[in-house]
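**Q** need coordinates for the following:
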Amino acid sequence: MSEDTRNMMNIKQYIRENEERFLNELFSLMRIPSISALPEHRHDMETCAERWEQLLLEAGADHARVMPSQGNPLVYAEKTIDPKAPTILVYAHYDVMPATPLELWNSAPFEPKIRDGHVWGRGADDDKGQAMIQVKAFEYMVKSGLLKHNVKFIFEGEEEIGSPSLNGFLKEHQELLKAEVILVSDTSMLGKNLPSLTTGLRGLAYWQIEVTGPNRDLHSGHFGGAVGNPINILCDMLSRVIDENGRITIPHFYDDVEELSDEERKMLADIPFDEEAYMNAIGVKALRGERGYSTLERNSCRPSFDICGIWGGYTGEGSKTVLPAKAYAKVSSRLVPHQNHEKISRLFIDYIQDIAPDCVQVNVIPMHGGEGYVCPINHPAYKAAEKGFEKAFGKKPLAVRRGGSIPIISDFEQILGIKTILMGFGLESDAIHSPNENFPLEIFRKGIEAVVEFYKNFPR
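**A** As a prediction, the model looks like this:
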């Protein structure tokens, strides 16, 4: 029996013997409604940070502390094996999305349950469950005496609102966070039997638009047809952002978009993808997007524009014939690597102001944003992660780009000069950000095994 086989059996045994404790610790975090978007949960953010501090110390960190920021606190921990050894920095976030609408949950979102081989509750996957994978792999490496690298942890509490405080924290603590590579488990796989490593993420730009017409709501019979309706005008302007070919019409929007190479397009085409199943899973009869690109290209490697919310006027029960004074929308654009979110934000604001008619006033407020990211697949840490997945899941992971955004990943590279390995274990069926978020116990176990194997294969 090889040493690798013995070690993998040992981690399987360790998980079996300690799984009840692992889950109780995870549940203690999930019971804390650490919702960064709602100010009334500020105390919960502090409570969750303090709980992570305790768990990191119990897992084997030499030191751990809760550190202040301009917003919610961060948790920092470290384990030093040898000052000359390479250092791995593990990033995660402890904040979660709001749980509404509560009536769609099958069980209370902040009272975790095990049902049908899954953990159910807010944060089961994103990101408390995946962060626990990292911490338990670290714990095993420490307690088994196998850890050969220094390890640092930085857990933040604002990822779900765009990490507004983390950029400044990174700049202020560059020496503290010095490392050779960053390891993150906050992304997903193509499927439970299709392990994959994320090699790229899209960036993001986000705005709120306010359109103001008359100085008060008006009677639509007396004024309709003579006064510009802010909702009508807002809808008209937004409909002009995308043309009939699915292309974004903002001038100079595509100036920095890098076309995929033929090799990359072939890699995407080789990914097993059932478009019919994809549509059935989300309940649509047809797909729509930029002409000339496949679905996988559209949702991962091409920019997009979406209206995330739109409101104004009367929306209560019954009818009210009103011409509203104001209309609002929240809109976002997913960006690809090399597109600067601040530049795109300015271009969008200029465009909306330019097409706005004189009968209304338009105010566009930029909100959060971030750059895209690409990791080379020949990076030593990527190779170590690849071996980790292969050992745990029994097959080599596919290299894929994902359509989501983690803006802080590009900040890590720009500020700390470190590449990030996106070693995520989520599944589409985990329903992150939605009611009935869950995480399969099988994936939780395999995730720990894969991260343990990463540590064993990362160069010393």
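
**Q** can you point me to the longest helix in the protein?
**A** Longest helix in the chain, counting residues (DSSP state H): helix 3-30.

**Q** who are the packing partners of that one?
**A** Under the contact criterion of 3 or more CB pairs under 8 Å, 6 or more residues apart in numbering; DSSP states H and E, helix 3-30 touches helix 42-59, strand 118-120, helix 128-143, helix 441-457. Placement of C-beta: from N, CA and C, glycine included.

**Q** show me what counts as buried in the helix or strand just after the longest one.
**A** With elements assigned by DSSP states H and E, the helix or strand that comes after helix 42-59 is strand 63-67. Neighbour-count burial for strand 63-67, counted by 16 or more other CB atoms under 10 Å, picks out 64, 66.

**Q** can I assume I11 is in contact with I448?
**A** Yes. Under the criterion of CB atoms under 8 Å, I11 lies in contact with I448, with a separation of 6.8 Å.

**Q** who has more neighbours out of these two?
**A** Higher neighbour count among I11 and I448: I448, with 28 against 25, using other CB atoms under 10 Å.

**Q** hang on, the more buried one packs against K136?
**A** Yes. Applying CB under 8 Å as the test, I448 and K136 come out as touching, 5.1 Å apart.

**Q** joint contacts of those two?
**A** Where contact means CB atoms under 8 Å, 6 or more residues apart in numbering, the residues bridging I448 and K136 through contact with each are I15.

**Q** give me the number of residues near the closest residue in space to N229 that isn't next to it in sequence?
**A** Sequence neighbours aside, L323 is the residue nearest to N229 in space, at 5.4 Å (criterion: CB to CB, 6 or more residues apart in numbering). Other residues lying near L323 total 24 when counted by other CB under 10 Å.

**Q** which residues does L323 form a beta bridge with?
**A** Beta bridges link L323 to L218, judged by DSSP bridges.

**Q** repeat for the one 10 residues further on
**A** When bridges are called by DSSP bridges, S333 pairs up with A205, F305.

**Q** point out where this protein drops to low pLDDT.
**A** Low-confidence segments of the chain, defined by pLDDT under 70, are located at 1-9.

**Q** what's the domain layout of it?
**A** 3-201+372-457, 203-257+303-370 (automatic domain parsing).

**Q** okay, those domains, which one's buried deepest?
**A** Each of the domains of the chain was scored by mean neighbour count; the highest is domain 3-201+372-457, a mean of 19, by mean count of other CB atoms under 10 Å.

**Q** may I have the phi/psi pair for the closest residue to T80 other than its chain neighbours?
**A** Using CB to CB, 6+ apart and skipping residues adjacent in sequence, the residue nearest T80 is N150, 5.1 Å away. With angles defined as degrees, to the nearest 10, N150 sits at phi -80, psi 150.

**Q** any idea how far F273 is from N150?
**A** For N150, the distance to F273 under the criterion CB to CB, to the nearest Å works out to 40 Å.

**Q** once you drop chain neighbours, what's closest to A99?
**A** The spatial neighbour of A99 that comes closest, neighbours along the chain excluded (CB to CB, 6+ apart), is P109 at 3.8 Å.

**Q** show me what contacts the closest residue to L26 other than its chain neighbours?
**A** Distances taken as CB to CB, 6+ apart put M132 closest to L26, at 4.9 Å, once the chain neighbours are dropped. Counting by CB under 8 Å, 6+ apart, M132 makes contact with 22, 25-26, 29, 444.
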